[in-house]
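Undergrad: Using only what follows, build the 3D model:
(one chain, ligands or ions: 1)
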Amino acid sequence: MAQLLDGKAVSKVLKEEIREEIAQWKEKGVQPKLAVILVGDDPASVVYARSKQKVCEGIGMAFELFTMPGSTPEADVLAQIESLNNDQAVHGIMIELPLPKGISKEKVMSAVRPDKDVDGVHPINRGYILSGEEGLFPATPQSCIELLLRCGVQIAGKHVVIVGRGETVGKPLVFLILKHNATVTICHSKTPDLGAFTRQADILIAAVGRAKLIKKDMVKAGAIVVDAGINETPEGICGDVDFQAVQEVAELISPVPGGVGSLTTALIMRNVLKGIVLQGGTR
Ligand code: NAP
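TA: Residues are numbered from 1 along each chain as shown. Below is the predicted model of the structure:
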């Protein structure tokens, strides 16, 4: 029976490290701050924004929420971003998605200064992932890697099979995990005979958005399985992996909830601290 890749436990350690780093910045006269822009009243976005605020309060990071009605013109959202770009007291900016109709996600994402783009979605940061330069990178792919490393898994030399090439998780993960010297295979909806690929994985990472897509017979005995999927089903939240069955063959497996998703908020906060350095702050 597989052991758990315990995201909650890793998140606790990460938050403690971040809290300490924030305290060090404060001693140097810098109060790290995250600003979140929420346009409209999408209920999930409201919950996400509030949960970030709670985490910030717990670790000593300043937080400010800018709420704008759903009818706000795009130009006003861009003006708000510009004002935060120029505000030296703000080190990280996040825009809650989805944005209301009529506001271009691409324009908004590109308007955030790359060194304050803690979601890692600006085209410049996406380019840095490819080039291997330092930048701000998306939290969920980082969570997959952090979860593995902090649970003692060696990535170098392993065959990592990623299912999903989405812009948020799968695609950036390919390049981030290559940096750790894995051999990477990426699968997607047009991959014929998915199981033939997933069965070759030493480390299998699912980032698809299809409940229980990965079955027991698609996983090699002793493989390490990371499930980044979040799917709402009538039975509750579940991942892309058929956890109950796959845990019988895997060596390590991340649960949903309690796995990858538990680390993402902490990693956004870590991006805020990295942003301070990219903005010229010296540790
Ligand atoms: P996405 O952009 O919709 O990408 C999904 C990917 O899965 C696509 O590349 C798609 O292939 C592939 N796919 C779909 N059906 C498939 C199938 N039957 N077999 C193989 N591949 C298939 O999704 P995303 O934004 O990257 O998110 C992926 C998952 O991560 C979702 O469940 C999402 O909720 C979750 N997520 C979790 C967190 C977290 O904090 N844990 C954060 C963000 C997202 P094509 O490219 O061919 O269409």
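
Undergrad: Once you drop chain neighbours, what's closest to Gly157?
TA: Asn181 (6.6 Å; C-beta to C-beta, 6 or more residues apart in numbering). Where you see a C-beta, it was placed from the backbone N, CA and C, and this is true even at glycine.

Undergrad: How about the contacts made by Asp240?
TA: Counting by C-beta atoms under 8 Å, 6 or more residues apart in numbering, Asp240 touches 163-164, 206-214, 227-229, 231.

Undergrad: Now flag whichever of the residues you listed is closest to Val272.
TA: Ala228 (21.9 Å; C-beta to C-beta).

Undergrad: Let me know whether stretch 209-224 sits next to the ligand.
TA: Yes: Stretch 209-224 comes into contact with the ligand (C-beta under 6 Å from any ligand atom), by way of Gly209, Arg210, Leu213.

Undergrad: Quick check: nearest residue in space to the last one, chain neighbours excluded?
TA: Spelled out, that is Leu213. Asp240 (5.0 Å).

Undergrad: and the one you found, how far is that from Ser110?
TA: 30 Å (C-beta to C-beta, to the nearest Å).

Undergrad: got it, and Lys116?
TA: Distance, Lys116 to Ser110, using C-beta to C-beta: 13 Å.

Undergrad: Check Ala139 too.
TA: 19 Å.

Undergrad: Ok, Val39 next?
TA: Using C-beta to C-beta, Val39 is found at 16 Å from Ser110.

Undergrad: picking that back up, which residue of Lys116 and Ser110 possesses the greater neighbour count?
TA: Lys116 (25 against 16; other C-beta atoms under 10 Å).

Undergrad: My read is that that one contacts Gly275, right?
TA: Yes: using C-beta atoms under 8 Å, Lys116 is in contact with Gly275, at 5.6 Å.

Undergrad: shared neighbours of those two, which are they?
TA: Jointly contacting Lys116 and Gly275 under the rule C-beta under 8 Å, 6+ apart are His91, Gly92.

Undergrad: Show me the shaky parts of the stretch 51-200 of the chain.
TA: By pLDDT under 70, the stretch 51-200 of the chain has no low-scoring segment.

Undergrad: tell me the contacts of the residue in the stretch 151-283 of the chain that the ligand sits nearest to?
TA: Going by C-beta to the nearest ligand atom, the ligand is nearest to Gly166 of the stretch 151-283 of the chain, at 2.1 Å. Counting by C-beta under 8 Å, 6+ apart, Gly166 touches Ala207, Gly209.

Undergrad: what helix or strand is the residue nearest to Ser71 when sequence neighbours are not counted on?
TA: Closest residue to Ser71 apart from its sequence neighbours, by C-beta to C-beta, 6+ apart: Pro100 at 7.7 Å. Following DSSP states H and E, there is no helix or strand that holds Pro100.

Undergrad: quick one: the residue nearest to Gly157 from Gly281, how far?
TA: Taking C-beta to C-beta, one finds Asn181 at 30 Å from Gly281.

Undergrad: Just want to know which of these two has more residues nearby.
TA: Of the pair Asn181 and Gly281, Gly281 is the one with more neighbours under other C-beta under 10 Å, namely 14 against 11.

Undergrad: my guess is that one meets Gly29, correct?
TA: No: the criterion here is C-beta under 8 Å, and Gly281 misses it with Gly29 at 10.2 Å.

Undergrad: Now stretch 243-252: average pLDDT?
TA: In this model, stretch 243-252 has an average pLDDT of 98.

Undergrad: start to end distance for that stretch?
TA: 11 Å (C-alpha to C-alpha, to the nearest Å).

Undergrad: Any idea how far it is from the middle of the chain?
TA: 24 Å (C-alpha atoms, centre = their mean, to the nearest Å).

Undergrad: neighbouring contacts of it?
TA: 1-5, 151, 153, 212, 214-216, 219-225, 227, 253, 255-256.

Undergrad: Tell me the buried residues in that stretch?
TA: Within stretch 243-252, the residues scored as buried using 16 or more other C-beta atoms under 10 Å are Phe243, Val246, Gln247, Val249, Ala250, Glu251, Leu252.

Undergrad: Filter these down to the ones in strands?
TA: In strands, defined here by DSSP state E, the members of the buried residues of stretch 243-252 are Leu252.

Undergrad: Give me the subset of the buried residues of stretch 243-252 lying in helices.
TA: Among those, the residues falling in helices (DSSP state H) are Phe243, Val246.
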